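# this one's sequence-less:
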């Protein structure tokens, strides 16, 4: 197994192709694992404390070895960089056809450094690469950019597939995202600002090459078996019908939404609290990538008869909202009309901006207004005009979005890096401490689900390498109370599935972080695993597909060690920039303010926070006092070289 | 004989064509309720509810909880008037 990396220096315009040898796959699996390694090596020769918006930052795109092989497990590409909004390790996954198409060119990984003197896009056409003037695309949103590039580049050797930024990225808004084919968003951590800071408007790929699969017969056999598992699973069929919106009713039942800046945890209103509306307005089923046996995606088209509000959006068509799009609109912002929720999904995608941090920035301010902590005059000062800031008012919300995207006013400038830094800056501006109303975890990243009753989820928010996030350590054993899984992974013990005790919650985070690191490195979708038709074991069942694709045949234990190695490198990155135990924390509201509705009232993070965090460090072999890695913990996963770097810089326990 | 209420959500609601139903069961256990639901709504519901290998409640992609939000298992006892809620287990996205 080997692959090719395209290195692009935007300052000089020089580009070169490098071979990624088999040994790198042996150590880093592929996908996010290799992205991490490319970034780690870059920052051995560049200042890791550089300005993330400066030319020394690196922007890496990579796609794992299972993507596009016909395995049927979906395709996710990954961008990796130092985050401009959290100032730490940053990465984000995205689906669509861009990562698939990249594999049909000569390259599977792209590493971009420097800064172009003028706006450009990178065009990769099989093995030909060029930097093209993008002045005609500058100032366009992601849909316009994608449409224009498609038209401009024609259909040979294939249609063009794109990664692009909108005006938010151009303006280097910290929470700006990168959008694939104008449909699928690499939302988190501010990759759009990194591209914008480099004057890189887009990457367009066209290819008609093939993929090399080391053991094609074994891959076909695995794929057939996987399809059968998917087809036989009724729960997967249910997921095809609703996608992640199947979570709406479950969350409504147990109290796991994030309502009005997490003042509550249940949606209000009628239709929006059930998933009936998903089916009612669902128009076309779709696959996200070309290699998915599930096809949970779908499109809507608004005809204006659905509700009074929908008349504003007649003809609008886009992807059906995912759960977190719904959670951020119907939850954080209390939008109660489905067409407005769908519209929120479309504008945040077209503007390429993370709806988690964005909704929490807006809802933070709405709560200050609700509590009369700020006056109409204060609001006018922020927006250069009167603004009601009423919960659920889509016109107000849309103006807030545009304020940030276009950096229109003081609000846009203060909250462009999300709710945490926004709250700090606004508190300083007004001479008052508003931090108890800001919702965030590690790095200041925000997330619109109720987490207080769920200690594993809360721990994930405190330790995730890219800042508060559910996708690094997904607490499914706990949230779904999966005693069967707890028994499998913890020698017959069931506490990992028991919400009432801290035991095995930190262990669950570590275990699932390792599994997710593997899946992200294979380049597949997490939902195939999360639905569990194959036994929840990326190190075992998926490991066989990985072996067929790469020829690298590992035992499940060896693969789990690979996952741990990948997680440890992300941790080491953050240790190098000074992150310690005190950074592994969550906001005041989550820590101390009890939930007062849902099935688990009275929950606060503080109840179990420290025992869970201690246990997480223990399972990782890290020092509990400082939160730093020990030499032994790194040597155990084959990272002696990383331990040397950390030791030289005083970042090893 | 006791009466137990079932709330169906998402895919369960679609399979049952209703959001709620009540069942009279002789044996006051979750197992008896699950059997009654399977008998009423047929093989697709059974595929959601029962793990074919273990004949336990299917935990993959599902969530069956009592009134306190605690997941139930086959051997759990039920009382007259109890409600069990049938949910899909999915998160995030």
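Okay, I see it. Treat the numbers as computed from the prediction; the structure is a model and nothing was measured.
# tell me the residue of the stretch 501-650 of chain A that sits nearest chain B?
Taking C-beta to the nearest C-beta as the measure, the point where the stretch 501-650 of chain A comes nearest chain B is residue A:599, at 3.3 Å. Heads up, the C-betas are built off the backbone N, CA and C, glycines and all.
# once you drop chain neighbours, what's closest to that residue?
The shortest distance from residue A:599 to any residue other than its chain neighbours is 3.3 Å, reached at residue B:69 (C-beta to C-beta, 6 or more residues apart in numbering or on different chains).
# try residue A:91
Among residues not flanking residue A:91 along the chain, residue A:80 sits closest, at 4.3 Å (C-beta to C-beta, 6+ apart).
# part of a helix, is the one you found?
No - assignment of residue A:80 by DSSP: H, G, I helix; E, B strand; the rest coil gives strand, placing it outside any helix.
# where does chain B come near chain A, residue by residue?
Proximity of chain B to chain A is confined to B:7, B:9-11, B:14, B:44, B:47-48, B:56, B:58-63, B:65, B:68-71, B:73, B:85, B:87-93 under the rule C-beta under 8 Å from any C-beta of the partner chain.
# go ahead and confirm the residue nearest to residue A:91 touches residue A:62.
Yes - Residue A:80 is within contact range of residue A:62, at 7.3 Å (criterion: C-beta atoms under 8 Å).
# next, the buried residues of stretch A:388-395.
By neighbour count with 16 or more other C-beta atoms under 10 Å in any protein chain shown, stretch A:388-395 contains the buried residues A:389, A:391, A:392, A:393, A:394.
# would you say the first one is within a strand?
Translated: residue A:389. No - for residue A:389, which was evaluated using three-state DSSP, the result is coil, with no strand membership.
# close to chain B, is stretch A:458-478?
Yes - residues of stretch A:458-478 are located near chain B by C-beta under 8 Å from any C-beta, namely A:470, A:471, A:474, A:476.
# ramachandran coordinates for residue A:308?
The phi and psi values for residue A:308, taken as degrees, to the nearest 10, are phi -60, psi -40.
# residues touching it, list them.
Contacts for residue A:308 were tallied using C-beta atoms under 8 Å, 6 or more residues apart in numbering or on different chains; they are residue A:337.
# still on that earlier bit, if you tally nearby residues, what's the number for the residue of the stretch 501-650 of chain A closest to chain B?
If you count neighbours by other C-beta atoms under 10 Å in any protein chain shown, residue A:599 ends up with 20.
# same check, this time on the one 3 residues further on
Burial measure for residue A:602: 10 neighbouring residues, criterion other C-beta under 10 Å.
# I'd say it and residue A:594 touch.
Yes - counting by C-beta under 8 Å, residue A:602 sits close enough to residue A:594 to count as a contact (4.9 Å).
# now for residue A:305, how many residues are close by?
8.
# from residue A:344, how far off is it?
Distance, residue A:305 to residue A:344, using C-beta to C-beta, to the nearest Å: 20 Å.
# equivalent analysis for residue A:9, please.
As for residue A:9, its distance to residue A:344 is 38 Å (criterion: C-beta to C-beta).
# next SSE downstream of the one helix or strand residue A:557 maps to?
Per DSSP states H and E: residue A:557 is located in helix A:556-576. Later in the chain than helix A:556-576, the nearest helix or strand by DSSP H and E is helix A:588-592.
# any chance you could list what contacts that next one?
Contact partners of helix A:588-592, identified using C-beta under 8 Å, 6+ apart, comprise A:262, A:435-439, A:441, A:451-452, A:458, A:461, A:585, A:604-606, A:609.
# which of the residues you listed sit farthest apart?
By the measure C-beta to C-beta, those have their two most distant members at A:437 and A:609, which lie 19.9 Å apart.
# show me where the stretch 501-650 of chain A has its helices.
A:505-522, A:526-530, A:541-550, A:556-576, A:588-592, A:609-620, A:631-635, A:640-648 (DSSP state H, counting those that start in this stretch).
# buried residues in the last one, which are they?
Within helix A:640-648, the residues that qualify as buried are A:642, A:643, A:645, A:646, counting by 16+ other C-beta under 10 Å.
# just flag the most distant two among those residues.
Farthest pair in these (C-beta to C-beta) is A:643 and A:645. Separation: 7.4 Å.
# that older thread, tell me which of the helices of the stretch 501-650 of chain A sits most buried.
Here the criterion is mean neighbour count by mean count of other C-beta atoms under 10 Å in any protein chain shown, and of the helices of the stretch 501-650 of chain A the winner is helix A:505-522, at a mean of 27.
# pLDDT value on the residue in chain A sticking out farthest from the centre, please?
When distances are taken from the C-alpha mean of chain A, residue A:377 lies farthest, 36.4 Å away, according to C-alpha atoms, centre = their mean. The confidence metric pLDDT takes the value 97 at residue A:377.
# and what of the one 3 residues further on?
Confidence at residue A:380, expressed as pLDDT, is 98.
# assign it to helix, strand or coil.
Using three-state DSSP, the structure places residue A:380 in helix.
# so who does it touch?
With the criterion set at C-beta under 8 Å, 6+ apart, residue A:380 makes contact with A:386, A:387.
# ok so, going back, measure the residue nearest to residue A:91 to residue A:644 for me?
The span separating residue A:80 from residue A:644 equals 22 Å under the rule C-beta to C-beta.
# circling back to that earlier point, show me what the helix holding residue A:557 is packed against.
The helices and strands touching helix A:556-576, judged by 3 or more C-beta pairs under 8 Å, 6 or more residues apart in numbering or on different chains; DSSP states H and E, are helix A:22-28, helix A:31-45, strand A:89-94, helix A:505-522, helix A:541-550, helix A:609-620, helix A:631-635, helix A:640-648.
# what strand or helix carries residue 5?
Picked chain A for this. When elements are assigned from DSSP H and E, residue A:5 belongs to strand A:3-9.
# that answer is for a different chain, and I need it for chain B
Residue B:5 is part of strand B:2-8, with elements assigned from DSSP H and E.
# for the helix or strand just after that strand, packing partners?
Toward the C-terminal end, the helix or strand that comes next after strand B:2-8 (DSSP H and E) is helix B:10-16. Helix B:10-16 is packed against helix A:234-242, helix B:30-41, helix B:43-49, strand B:83-88, with contacts defined by 3+ C-beta pairs under 8 Å, 6+ apart.
# contacts only, for residue B:13.
When contacts are counted by C-beta under 8 Å, 6+ apart, residue B:13 is found next to residue B:19.
# switch the cut-off to 10 Å
Neighbouring residues of residue B:13 by C-beta atoms under 10 Å, 6 or more residues apart in numbering or on different chains: A:238, A:249, A:274, A:275, A:276, B:7, B:19, B:20, B:86, B:87, B:88.
# can you select the buried ones from the residues you listed in ChimeraX?
For selection in ChimeraX, the members of these meeting the burial criterion (16+ other C-beta under 10 Å) are listed in this command:
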select /A:238,249,274,275,276 /B:7,86,87,88
